[in-house]
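Colleague: No sequence on hand, only this structure:
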């Protein structure tokens, strides 16, 4: 909910100083992967007793759908803020790569076990991990596959919301 609340605040704010806008946008971006991160919780089903698997699957699915919904709604709100404050070309490029940034953040959280707040108290180790993934892509193929595949899923989710819900004014 944090990225959604930040995006609502930013879209409702009348006038913000550039430094505050940039800070809140950065904060929004750092917390954005937490919304679709719930998709990765399906790995916990392996720990569920067989008699609970249907209930646990349904519960995780509901949370994952809720997370994707807040992810998409947050992007919808932030798009307006971005278009009002930046050049259209820059915003369109940013929106195009955003799902992949979010999915990379999900990878950092699920696989490398980093949290959003670790950027404040352990930035050097996070940057070291990210740098290693970038400069050694073949040694970190799992990170790249996760980022691309989950990024495409997030892109598809966003497209579906835009095509079927936003288009008809239901959301």
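Modeller: Nice, thanks for sending it over. Just so it is clear, the structure is predicted and the values come from calculations on it, not from any experiment.
Colleague: Residue 115: what's its closest spatial neighbour, skipping adjacent residues?
Modeller: Spatial nearest neighbour of residue 115, excluding adjacent residues (C-beta to C-beta, 6 or more residues apart in numbering): residue 109 at 6.7 Å. Quick note: C-beta positions are derived from backbone N, CA and C, even for glycine.
Colleague: so how far is the helix or strand harbouring the one you found off the chain centroid?
Modeller: Assigned by DSSP states H and E, residue 109 falls within helix 88-110. Relative to the centre of its chain, helix 88-110 is centred 7 Å away, using C-alpha atoms, centre = their mean, to the nearest Å.
Colleague: Equivalent analysis for stretch 137-149, please.
Modeller: On C-alpha atoms, centre = their mean, the centre of stretch 137-149 falls 17 Å from the chain's centre.
Colleague: tell me which residues of it are tucked away?
Modeller: 140, 143, 146, 147 (16 or more other C-beta atoms under 10 Å).
Colleague: quick one: contacts of it?
Modeller: 100, 103, 104, 106, 107, 111, 132, 133 (C-beta atoms under 8 Å, 6 or more residues apart in numbering).
Colleague: Weed out the non-buried ones from these.
Modeller: Buried, going by 16+ other C-beta under 10 Å: 100, 103, 104, 106, 107, 133, out of those.
Colleague: For the spatially most central residue of the chain, give me its contacts.
Modeller: Nearest to the geometric centre of the chain sits residue 33, at 2.8 Å (C-alpha atoms, centre = their mean). Neighbouring residues of residue 33 by C-beta under 8 Å, 6+ apart: 101, 102, 103, 104, 105, 106, 108, 109, 116.
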